[in-house]
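Visitor: got a predicted structure plus its sequence, pasted below:
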Amino acid sequence: MEALIAEGLAGKTILITGSTGFLGKSIVEKLLRAVPDVAQIRLAIRSSQRRSAAERLEKEVLSSPAFKPLKEKLGEDAFAALVKQKLAVVEIDLGREGLGLTEENRAQLLSADIVIASAAAVEFDNPADLSAQTNLLGASRLVETLAAGEGSPHLVHISTAYVGGMLRGLVREELPLDPGLNWRHEAKILSTLRPVVEEESRTPEVLDRLTKQARSRMGPAGTPATARTVERLRDRWVKDRLVERGRTHARSMGFSDIYSFTKAMAERAVVELHGRLPLSIVRPSIIESALAEPFPGWLEGFRMAEPIILAYGRRVLEDFSGLPDALLDIIPADYVVNTVLAVAASPPPEGEYRIYHAASGSRNPLRLRRMQEETQAYFQKHPLRDRYGQAIGAPNWTFPPRQELESKARAALKAVEAMQWVVERLPMTGMADFSDNLNETRDRITRGLNLSELYGVYTEVDCVYDTRNTISVWEKLPAAEQKAFPFDAALYDWTHYFQSVHMPTVIRMARAETGLRKGKQPTGSTAPPDSRDLAVQAIRKRAGRADVLAVFDVDGTLVETNVIEYFIWMRLKSQPLREWPEFLGGLLAEAPRWLQLERRSRAEFQRSFYREYQDLDYEDMRQLGREAMNAVTLRRLYPEGVRRIREHKLAGHRVLLLTGALDVVVEPLAELLEVEVDCAHLLVKDGILTGDLQSPPPAGEARGTLLEGYAESNGIVLADSFAYADSLSDLPMLELVGTPVAINPDARLSAVAGQRGWRIERWTMPPGNWRLPIPDPRSKEYRSQFA
Amino acid sequence: MRPGAVVEVDRNTPPTLFHYGEGFRLERLPLGSRIIYPPDPMDPIGHPERAIRRALTKPIEDDPLKDLLRPGMKLTIAFDDLSLPLPPMASPDVRQLVIEEVVDMAAHAGIEDIQLIAAIGLHRKMTADEIRHIVGDRVFTAFWPDRLYNHDAEDPADNVQIGKTSNGEEVWLNRRALESDLVVYVNLTLVPMDGGQKSMSTGLGCYRSIKEHHTVHTLLNSNSYMHPPDSALHHSCIRQGQIIEDAVRVFHIETSLNNHAFPAIANFLQKRETDWTTSDQAAFYALKQATDLAPPDLKRTMFHSMLAPYGMTSVQAGQVDKVHDKTLEAVRSQMLVPVEGQTDVVTMGIPYLGPYNPNSILNPVLVVCLGLGYLFNLYKNKPVVREGGVVIMSHPTRYEFHSVHHPSYIDFYDEVLADTTDSAEIEKRYEKRFAEDPWYRQMYQQSYAYHGVHPFYAWYWAAHALAYLGDVIVVGGERSTVHRLGFKAATTLEDAFEMAEQTVGRYPSVSHLRTPPLLLAEVE
């Protein structure tokens, strides 16, 4: 034969499912570029919620870098013309019974000569229902529809080499051993899991646990924020649960994960249903970057080996489990594409099926040890850089047993989580750095554990995939096509593949830093950097706008203190020295209860604490509040906070202090700063405080509402406004404005601010100002009160 | 009284005391260095009350106070604030004695409209306790708070422009003082810079009048401002004072003190090391250990509660200039030490207290003000250190600020000094902004903060020294802070001398100012 592939495909109409995926678009690209005589390529694409099928073709297929070399070779116009001539979109929804086909679409589908089914949910840890829907039901629906038609197109079903589960020895190109499973039954169970799990997630036990978790994390931020967190946690719980159900299900059947399990079931389904259609099943092993086409290193999305490689290079994985002599069956993407095309061009007789492995193990084995050596060699030459720009040395893996490694990691994780539990409950600021560190460590361990759980089995594979069928096709190819469509794994060398193709790709895709760039070397200058304060610049950018508001929390944000200190000072000031011990003792006894309340909700704490003001004279307290300002407030007022307020005022912004502190202590401060204030007011009856509040204290979600109300009645544009706060209870307020700033945040707010990319600032008091909140008992002024 | 002395360091000289903030260092100076000791305290006047009464009845070139008082008149008594004396004087303060005498006379004359104003100028307002300490319980109870209060230089209703000097300098005065039939000014002069016409023009003035002479230019032309005839600052004050004298009837009372600055418990600080007895040495050792270990806050509380057993050496009343001449004579006779020639290096220990931090913190800016502003300028004719020479100070210079008293100092340090330490640049680019900042104005008026412009004046005070000196080295100073101030930090005095040699050459001549107690070096 002159040209097997070119002739086999000439004049044929090819329909491809899963063309928005990595393998699918690679096949489309190769067809466009290398098989000019193809009649038409039909891409089965489903409209998504956001995009129509045609848009998805443009945005998710054609704009991919895979097409760049072709576009450059032809020029944009010629490329567009080619696309117009050869490509067509067929709306097919594999997720629906009957594929959701219109008559026109059905005709397009059934009139195809070759159908390549490459649609799959390829993540190993997909939820059970998603995997079953796409991999199993999707495939069976497609083959059913085709078989029900009149033609007999050649169906090329893309499967995976791992459908056999964890086998040992030689795996032949034939149907895997049947464990006695009915794929229809399995599909039904898995695809209907979601409602069950959703139901389960709403049982009181689960919801209570999630609510407790959410409250501990977001409690002070108010009910809506907590509710949102509960719902998010529940969503996550459902997904995790579905993943877990899928994984357990698959493992109990002898498969490593839900992906290979559903793919195995799919093979059974297509073989059962294909009827008269000629059926080819291509089973690639682990598909990694393309060796040469469309360009060396073409890869999309992180697949299996990349996270491990990066974790290795970043020293996140100090060690990894596995058998050093295990076969790591990696196959370059372009080799898989060529296999698929060669297989597509040589259909089996009608009604028969043939299976092809696209794998490297039998022709060019890559062992885990080799892979580690290659990776290490690469990282030695091009080390990753830490945030100081220093090279990170790649570790030596010793390949301990997986169980040992994982149990070690779990123990470490427990220890870290215990520390976090403690840190979050400590009633002090300044732990943020430590807490961030803990977060980082926990993430690192979790990542390692996940990698080990997901991919660990693949490093213990002790089998070789037979490629006799594939090689027999290869041997039929004329020399010219062997050159244009290489897929014999013996053709390349792994050192070349890793050092020049795959590793650079991984590094590029991770945007990781290797090698020092020019001009980046430190100059050694100790001159202070240009102190361009970004915060101040943001303020000045909005100068002169009266519709911009800067809202400040007071306690803990502007002032390094809390409502208790004022109270102590004011009360001590108004009673003689001999009564102090009794009073302080009483407060001390209440302290644990207050700490507990404060953790749950700031408003509850304040309400409870303000009871202490019962029966005090309002005018006296006002007078004392004024004095407390000099003795307490101003000694704890952050200079940077004051500077920031002044900067806002200078820029013409409105400044509002929004606080749950009492009017008697905050109003003098607001007067001094010449800003507006909204604070808690105690109920006064006949000049005496009752200990009740006039209205709920502005804390938690009340602050959000207050702020919104204020903005509305004053014509404030919140999106351009600023908010400064220190605690999670201020979250509703911070969320409302365009520029939220976390000042000396507690661990919980620090975590939230970090996630959302908010500015975090640390303000400090100049040393020498700290005083116990007690008046000077030597003062004549103090003594003369009681004379 | 034993006069001051200039002593050469030889093998037998005991180690020399250096004040070091709220602590001390005992240092061995290089052989051949000289130590300049202040004179011992003069004997105080035996019966201060009697002397005061005599001064009031026989004033200099003025009518006796009794003759100036008449029923129905508006009388204002203004008095110096807590920046004087240092440390604060043990009760009774001389101002209390004088004020009680004046108030008694006024009461006797049937005057009802009496008000007492603390002439704080742009200093911080004094607290009730602080005012009570100066005026005494009797006066305080009778007048506080309605008729005894702090001057407010920022209240537009309280300050009136009364004219301009021949040099075009604005003159402003407290409204109550201006509208009074008689102002009695009660002064306390500790160093020759204080008192005279400067009392009213700065103490009861406002930023617009004070800024006329508190400039880098005047201070660079005051050699030194501890010697009024050579001081552009004082010339300007005198011009303003004359305008004030034309506008309001002033009866000026000045007092001077001896230099008995330390109470018995810290007597060794008053004495020369050569005179230290065993018990002095033991006391020093105990205090040194305590201050080495105690946290700064605790030390400050301890030191700031220390009161000085000053004794009054003179009191005179009458016409401002004539009175002031006599006061200066008395001050000089207590402080003056003749010194022959200048040296390459001058060393000085910076104590815990300067004029602007009673009951407060001597922040880094005030360290400069005290060392290079006040101590450096305690000379007549010419500085003890030669032009281009080096001053070595010892102070911990921690990054510490009192947030109530010195809010503008924090920003001055964080913002202005981060940009430049050049006085003229600072004056040009930042002074107006700070002076008019509403936040500092609020803090000055409503709280106990120094005026927004005050850190600038503290810095200008050192302008003359900064222009004159070749280098400044701070022994034991916090490196980052000292660097911000534009100086060099040395760990030990030996290192400081090695560093100084790079500026003044090998084997420099050295003088140590063994102060406080304060002295005035008359350099030939």
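Guide: That came in fine, so what should we check first?
Visitor: now do the helices in the stretch 351-500 of chain B.
Guide: Ranges of helices in the stretch 351-500 of chain B, per DSSP state H, counting those that start in this stretch, are B:364-368, B:407-411, B:417-419, B:423-429, B:431-436, B:438-446, B:454-460, B:463-468, B:479-485, B:493-504.
Visitor: what residues does chain B put near chain A?
Guide: Selection of chain B residues close to chain A by Cβ under 8 Å from any Cβ of the partner chain yields B:127-129, B:132, B:137, B:296-297, B:300, B:305, B:361, B:398-404, B:407, B:410-411, B:414, B:418, B:437-439, B:442-443, B:446-448. (Glycine included, C-beta is placed from N, CA and C.)
Visitor: so how far is residue A:143 from residue A:188?
Guide: Taking Cβ to Cβ, to the nearest Å as the measure, residue A:188 falls 18 Å from residue A:143.
Visitor: higher neighbour count, these two?
Guide: residue A:143 (24 against 13; other Cβ atoms under 10 Å in any protein chain shown).
Visitor: which parts of stretch A:735-754 are buried?
Guide: Using 16 or more other Cβ atoms under 10 Å in any protein chain shown as the test for burial, stretch A:735-754 gives A:735-737, A:739-753.
Visitor: reformat the helices of the stretch 351-500 of chain B as CSV; add mean neighbour count and mean pLDDT.
Guide: Shown next, in CSV, are those (neighbours: other Cβ atoms under 10 Å in any protein chain shown; pLDDT from 0 to 100):
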stretch, mean neighbour count, mean pLDDT
helix B:364-368, 27, 97
helix B:407-411, 25, 94
helix B:417-419, 15, 92
helix B:423-429, 17, 95
helix B:431-436, 17, 94
helix B:438-446, 20, 93
helix B:454-460, 26, 96
helix B:463-468, 20, 94
helix B:479-485, 18, 95
helix B:493-504, 18, 95
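Visitor: hang on, the earlier thing: in PyMOL, select just the buried ones from the residues of chain B next to chain A.
Guide: This is how PyMOL selects the buried members of these, with burial counted by 16+ other Cβ under 10 Å:
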select buried, chain B and resi 127+128+129+132+296+297+300+361+398+399+400+401+402+403+404+407+410+411+414+437+439+442+443+446+447+448
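Visitor: first vs last residue of stretch A:359-377, how far apart are they?
Guide: 24 Å (Cα to Cα, to the nearest Å).
Visitor: swap in stretch A:313-332?
Guide: By Cα to Cα, the extent of stretch A:313-332 from end to end equals 22 Å.
Visitor: repeat that for stretch A:153-164.
Guide: Taking Cα to Cα, stretch A:153-164 runs 27 Å from one end to the other.
Visitor: give me the mean pLDDT for it.
Guide: Mean pLDDT, computed over stretch A:153-164, is 86.
Visitor: check stretch B:45-63 too.
Guide: Predicted confidence along stretch B:45-63 averages 94 (mean pLDDT).
Visitor: mind listing what's buried along that stretch?
Guide: B:45, B:48, B:51, B:52, B:53, B:55, B:56, B:59, B:60, B:62.
Visitor: tell me the secondary structure for the fifth one?
Guide: Following DSSP: H, G, I helix; E, B strand; the rest coil, residue B:53 is assigned to helix.
Visitor: in contact with it: list those residues for me.
Guide: Residues counted as contacts of residue B:53 (Cβ atoms under 8 Å, 6 or more residues apart in numbering or on different chains) are residue B:101.
Visitor: residue A:322 is in contact with residue A:452, correct?
Guide: No: with contact defined as Cβ atoms under 8 Å, residue A:452 does not count as touching residue A:322 (9.4 Å).
Visitor: ok, back up a step: same list (the helices of the stretch 351-500 of chain B) but as TSV, adding distance to residue B:517.
Guide: TSV is the format used below for those (distance: least, Cβ to Cβ, whole Å):
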stretch	distance to residue B:517
helix B:364-368	19
helix B:407-411	27
helix B:417-419	31
helix B:423-429	29
helix B:431-436	34
helix B:438-446	32
helix B:454-460	22
helix B:463-468	21
helix B:479-485	26
helix B:493-504	22
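Visitor: tell me where the longest strand sits in chain A.
Guide: Ordering each strand of chain A by length in residues (DSSP state E) puts strand A:654-662 first.
Visitor: helices or strands next to that strand in the packing?
Guide: strand A:549-552, helix A:563-573, helix A:602-610, helix A:639-650, helix A:663-673, strand A:676-680, helix A:701-714 (3 or more Cβ pairs under 8 Å, 6 or more residues apart in numbering or on different chains; DSSP states H and E).
Visitor: repeat that for 6 Å
Guide: If you count contacts as 3 or more Cβ pairs under 6 Å, 6 or more residues apart in numbering or on different chains; DSSP states H and E, strand A:654-662 packs onto strand A:549-552, helix A:639-650, strand A:676-680.
Visitor: let me know which of these is the nearest to residue A:720.
Guide: Nearest to residue A:720, of all the helices and strands packed on strand A:654-662, is strand A:549-552, at 8.7 Å by Cβ to Cβ.
Visitor: what sits up against the closest one?
Guide: If you take Cβ atoms under 6 Å, 6 or more residues apart in numbering or on different chains as the criterion, strand A:549-552 is touched by A:558, A:648, A:653-658, A:716, A:721-724.
Visitor: which one of those residues has the most neighbours?
Guide: Within the contacts of strand A:549-552, residue A:724 tops the neighbour count with 30 neighbours, counted by other Cβ under 10 Å.
Visitor: quick one: strands adjacent to whichever strand or helix holds it?
Guide: Per DSSP states H and E: residue A:724 is located in strand A:722-725. Using DSSP bridges, strand A:722-725 pairs in its sheet with strand A:549-552 (parallel), strand A:739-743 (parallel).
Visitor: mind listing the helices for the stretch 51-200 of chain B?
Guide: Using DSSP H, counting those that start in this stretch, the helices of the stretch 51-200 of chain B run over B:65-68, B:94-108, B:128-143, B:175-178, B:197-203.
Visitor: doesn't residue A:107 lie inside a strand?
Guide: No: under three-state DSSP, residue A:107 falls outside any strand and is assigned helix.
Visitor: can you pull the pLDDT of it?
Guide: We have a pLDDT of 83 for residue A:107.
Visitor: can you tell me the closest non-neighbouring residue to residue A:666?
Guide: Distance criterion Cβ to Cβ, 6 or more residues apart in numbering or on different chains; nearest residue to residue A:666, sequence neighbours excluded, is residue A:679 at 4.4 Å.
Visitor: again with residue A:748
Guide: Nearest residue to residue A:748, sequence neighbours excluded (Cβ to Cβ, 6+ apart): residue A:728, at 4.5 Å.
Visitor: hang on, isn't the one you found packed against residue A:217?
Guide: No: using Cβ atoms under 6 Å, residue A:728 and residue A:217 do not qualify as a contacting pair, with a distance of 8.3 Å.
Visitor: before we move on, back to that, from the helices of the stretch 51-200 of chain B, which stretch is densest packed?
Guide: Comparing the helices of the stretch 51-200 of chain B by mean neighbour count (mean count of other Cβ atoms under 10 Å in any protein chain shown), helix B:197-203 ranks first with a mean of 26.
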